[in-house]
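K.L.:
Need a 3D model of the following:
(2 chains)
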Amino acid sequence: MSEIFGDRDIIVVDLGFGDAGKGATVDWLCAPETGLDVAAVVRFNGGAQAAHNVVTDGRHHTFSQFGAGTFSEVPTVLSRHVLVEPIALAAEARALAALGVANPLRLLHVDARALLTTPIHVAANRAREDARGVGRHGSCGKGIGETAAYALTHPDAPTVGDCRTPAALRRKLEALAAHYRPLLADGRHPFPGVDDMVALYVEFAAAVRVTDDGDLADLAARGRLVFEGAQGVLLDEWRGFHPHTTWSTVEPSHARKLIDRLGRRGYVLGVTRTYTTRHGAGPHPTEDPALAAALPEPHNGTGDYQGAFRVGHLDEVLLRYAVEVCGGVDGLAVTHLDAVERAAAAGTPIRAGQCYRHVGERLPLGPAQDLAYQQRLTETLGRVTVAQVPLPTGRAELLAHLETVAGAPVAVAADGPDRAARTIASALAA
Amino acid sequence: MGYGKWDDDTYAAAKTFRAARGLDDFGYTATMRTRPYTEWTVDPSLDPFGVSVRESRDSAGHPDSLPIAVLFDVTGSMGVVPRIMQDKLGKLHGLLQRKGYADDPQILFGGIGDADCDRVPLQIGQFESDNAMDEQLRTVFLEGGGGGQKSESYELAAYFMTRHIATDAWEKRGQKGYLFIIGDEFNKSRLSARQVRTVIGDDLRRDVTVESVYRELEERWNVYFVLPNQSAYYDDPEIARHWTRLLGERFLKLDDPAAVCELIALTVGMGEDRIDLGEGLADLRDIGSVAEADSVGTALVTLGAGRAPVTTARVPLGDADDDDVSFT
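P.N.:
Presented below is the predicted three-dimensional model:
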């Protein structure tokens, strides 16, 4: 593997709307047998809404805040760009302990500057999403947007570092509760008292390693870093299809900066399925319920706040756009190769959406941070019709086709959800 | 006290973080045990000495407060019961609140030892409705020990509950609270005036009969003595006779100590007329307490048959006499 990645740190990003298989890819990259000598998995965006499924050695876990290298005992760094939710983190630690990871919290390194997501943010998120009714944004209901929004207007938003100083934390939580009191006054979305939260967060800060930089440089000195992106770049706060986006920079610029600061080089590994999926509201031009029926999803159900899992044919226009949003990728991880045969066997072969009629093969990248432009793209996507042709079914032809569309070589390919189903592409194509 | 609301997720997360650090849930006890016996003392928040009243009050968020006091015998093998209770606090709240057994429960925890020989014979917390009760319970000092005289100072705790508790449930609504004493021995033969003075600080001038203490206690509390199957006394007919004489059918034998939390929840639910025994046992099975349901069913079968006596039962002992507790 090191002939592909050299000594570079690896940034794993999802080139779709999420659920492409980042978690399984990171798990595989971190596995001792892959031989990449990974010292830590670094989360550089998102928060507790991440849901990265990993299946290996008969174990299954949906990784949320823990890095997907945890089964291989690889430490996780929650960087300053992550929104940290300690209550969910504790629940995840219990789930991992039940799967045989001894004291999982010992593997966490947390940057003191990371924002804290509290039950108040969660309650506010749900109250707002309820009020939207049918106009829901497709939020996960985990307080991510509220955490980011509150921090934009309140420089004193609570951070992980505050958990080390109870008096400061209490002041900040009281300000937070006061801010949301009007929204939450009806009591339909209760949250715990400030005293209880302070007590809890002090325990949290004592139980994990909280440092001013997440110990990133120390860990980097021990080996390779794998940067695990959350969500998909098509949900990026600035480059996604507004307003159906996440409040987080999903494209790899934050990860690239962290690597630059270490004086090292990064390799961007873009993960894509052989077809296009999305969870929740927003445009999905190649969506096809028949394909959804042909490709049942073991780990992605319908979320209370997120809505249904939506399946469509391979949207090559969106794939090209995603690569461009990333500033190019160095290689591809192609997952769900097995789906091509399964869909064909079910009588609904996967098709390739090559271009949008009246738009073309590419969505032009707009000016930086122009949400009005992104909104127009969203409206465009809602109207397009897609020119589709059959997707190549031979594995070598399919991988070659994806390399052409994405403009990058396939490095990793996966034939199923399990770690054992992942392999370097050259071996699979041969 | 007691204005917030219990939150299960916060409770579970705090427990997880403590465990990750290798901390005992009962940290106060762990700290005390590293010190010499002569330095063992009650945490100030649980010290009954000089307390005028512990209060359970209504508030905007809790207009219908219902006081529930749980006092554990913390001597000898009984010290395991508070640990079981702490593990299951979330379940207790799930039943009381989500299943609607009580609208606004406020829970007080305390510990009972032996005033003849223990360093910390009595501990009494506050009524709490939020996660502070978890902290309170974890601060109870599990002293262990005990006198080997087959008696503990339950009557001292009972005296405190008669004289040093004020509740809106009683003052505004004439509603009794629920008091659970969880132990396995006799009361001391008399309420000792000297021990009341040294442990609680009241200037009581003479000893009082145990019967008169419980008679007064009964006026404002539904009092239960729970004997968990945790020691040789479980099958001791003298213990059963002693407590049945005092409390009648509210002496409850519990064959599985792990079910104490469920027992308390169902007793309150039945006392408040929110469920009958069958419904309560079905709820327990719903939440996965299947083995516990069997134990609770056995313990409560007498109450379950009667229902009404829970709140109307009188102490079966005779009339007040000149041994009654009197203020000085």
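
K.L.:
Every contact and neighbour count from this point should use C-alpha atoms.
P.N.:
Will do.

K.L.:
What parts of the stretch 51-200 of chain A come near chain B?
P.N.:
Contact residues (CA under 8 Å from any CA of the partner chain) of the stretch 51-200 of chain A with chain B: A:86-88, A:90-91, A:93-94, A:103, A:105-106, A:191-193, A:196-197, A:199-200.

K.L.:
Skipping adjacent residues, who's closest to residue B:139 in space?
P.N.:
Spatial nearest neighbour of residue B:139, excluding adjacent residues (CA to CA, 6 or more residues apart in numbering or on different chains): residue B:28 at 5.3 Å.

K.L.:
Bridged to the residue positioned nearest the centre of chain B, which residues?
P.N.:
Among the residues of chain B, the one closest to the centroid is residue B:70, at 1.8 Å (CA atoms, centre = their mean). With DSSP bridges as the criterion, residue B:70 is bridged to residue B:109, residue B:180.

K.L.:
Make sure it is actually in contact with residue B:177.
P.N.:
No - the pair residue B:70 / residue B:177 is not scored as a contact, 11.0 Å apart, by CA atoms under 8 Å.

K.L.:
Just the C-alphas of the lengthiest helix in chain A, formatted as PDB.
P.N.:
The residue-count maximum for a helix in chain A (DSSP state H) belongs to helix A:166-184. The C-alpha coordinates for helix A:166-184 follow below in PDB (Å, rounded to 0.1, in the frame of the first residue of the first chain):
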ATOM      1  CA  PRO A 166     -16.300  24.800  36.100                       C
ATOM      2  CA  ALA A 167     -17.000  28.500  37.000                       C
ATOM      3  CA  ALA A 168     -16.400  29.700  33.400                       C
ATOM      4  CA  LEU A 169     -18.300  26.800  32.000                       C
ATOM      5  CA  ARG A 170     -21.300  27.500  34.300                       C
ATOM      6  CA  ARG A 171     -21.400  31.200  33.100                       C
ATOM      7  CA  LYS A 172     -21.400  30.100  29.500                       C
ATOM      8  CA  LEU A 173     -24.000  27.500  29.900                       C
ATOM      9  CA  GLU A 174     -26.300  29.900  31.700                       C
ATOM     10  CA  ALA A 175     -25.900  32.400  28.900                       C
ATOM     11  CA  LEU A 176     -26.700  29.600  26.400                       C
ATOM     12  CA  ALA A 177     -29.800  28.500  28.300                       C
ATOM     13  CA  ALA A 178     -31.000  32.200  28.600                       C
ATOM     14  CA  HIS A 179     -30.500  32.600  24.800                       C
ATOM     15  CA  TYR A 180     -32.700  29.600  24.000                       C
ATOM     16  CA  ARG A 181     -35.300  30.100  26.700                       C
ATOM     17  CA  PRO A 182     -37.900  31.700  24.400                       C
ATOM     18  CA  LEU A 183     -37.600  29.000  21.800                       C
ATOM     19  CA  LEU A 184     -37.800  26.200  24.400                       C
END
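
K.L.:
If we go by neighbour counts, what in that helix is buried?
P.N.:
Within helix A:166-184, the residues that qualify as buried by neighbour count (16 or more other CA atoms under 10 Å in any protein chain shown) are A:169-170, A:172-173, A:175-177, A:184.

K.L.:
Stretch A:392-399 now?
P.N.:
Under the neighbour-count criterion of 16+ other CA under 10 Å, stretch A:392-399 has A:392, A:398-399 buried.

K.L.:
need those in a markdown table with pLDDT, distance to chain B and secondary structure, can you?
P.N.:
Converted to a markdown table, these look like this (pLDDT from 0 to 100; distance: CA to the nearest CA, whole Å; DSSP: H, G, I helix; E, B strand; the rest coil):
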| residue | pLDDT | distance to chain B | secondary structure |
| --- | --- | --- | --- |
| A:392 | 92 | 49 | coil |
| A:398 | 95 | 47 | helix |
| A:399 | 95 | 45 | helix |
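
K.L.:
from the residues you listed, which is closest to residue A:39?
P.N.:
For the buried residues of stretch A:392-399, the residue nearest residue A:39 by CA to CA is residue A:399; the value is 30.1 Å.

K.L.:
roughly how far apart are the closest one and residue A:26?
P.N.:
For residue A:399, the distance to residue A:26 (CA to CA, to the nearest Å) stands at 20 Å.

K.L.:
for residue B:297, same thing?
P.N.:
Distance of residue B:297 to residue A:26, given as CA to CA: 51 Å.

K.L.:
So the two - more neighbours on which side?
P.N.:
residue A:26 (25 against 19; other CA atoms under 10 Å in any protein chain shown).

K.L.:
What is the burial count for the residue lying closest to the more buried one once chain neighbours are set aside?
P.N.:
Ranked by CA to CA, 6+ apart and with sequence neighbours excluded, the top spatial neighbour of residue A:26 is residue A:68, at 5.7 Å. The number of residues packed near residue A:68 is 33, by other CA under 10 Å.

K.L.:
One more: residue B:237?
P.N.:
As a measure of burial, residue B:237 has 9 neighbours, counting by other CA under 10 Å.

K.L.:
so who does residue 73 touch?
P.N.:
Just so you know, I chose chain A. Residues counted as contacts of residue A:73 (CA atoms under 8 Å, 6 or more residues apart in numbering or on different chains) are A:101, A:107.

K.L.:
that answer is for a different chain, and I need it for chain B
P.N.:
By CA under 8 Å, 6+ apart, the residues touching residue B:73 are B:79, B:111-113, B:152, B:181-184.

K.L.:
and which of these is nearest to chain A?
P.N.:
The closest of the contacts of residue B:73 to chain A turns out to be residue B:111 (CA to the nearest CA; 23.1 Å).

K.L.:
Quick check: the closest one vs residue B:67, distance?
P.N.:
17 Å.

K.L.:
Likewise for residue B:79?
P.N.:
23 Å.

K.L.:
higher neighbour count, those two?
P.N.:
Neighbours were counted for residue B:79 and for residue B:67 using other CA under 10 Å; residue B:67 has more, 29 against 20.

K.L.:
quick one: the spatially most central residue of chain A and chain B, what's the gap?
P.N.:
Most central in chain A under CA atoms, centre = their mean is residue A:230, positioned 1.7 Å from the mean C-alpha point. Distance of residue A:230 to chain B, computed by CA to the nearest CA, to the nearest Å: 23 Å.
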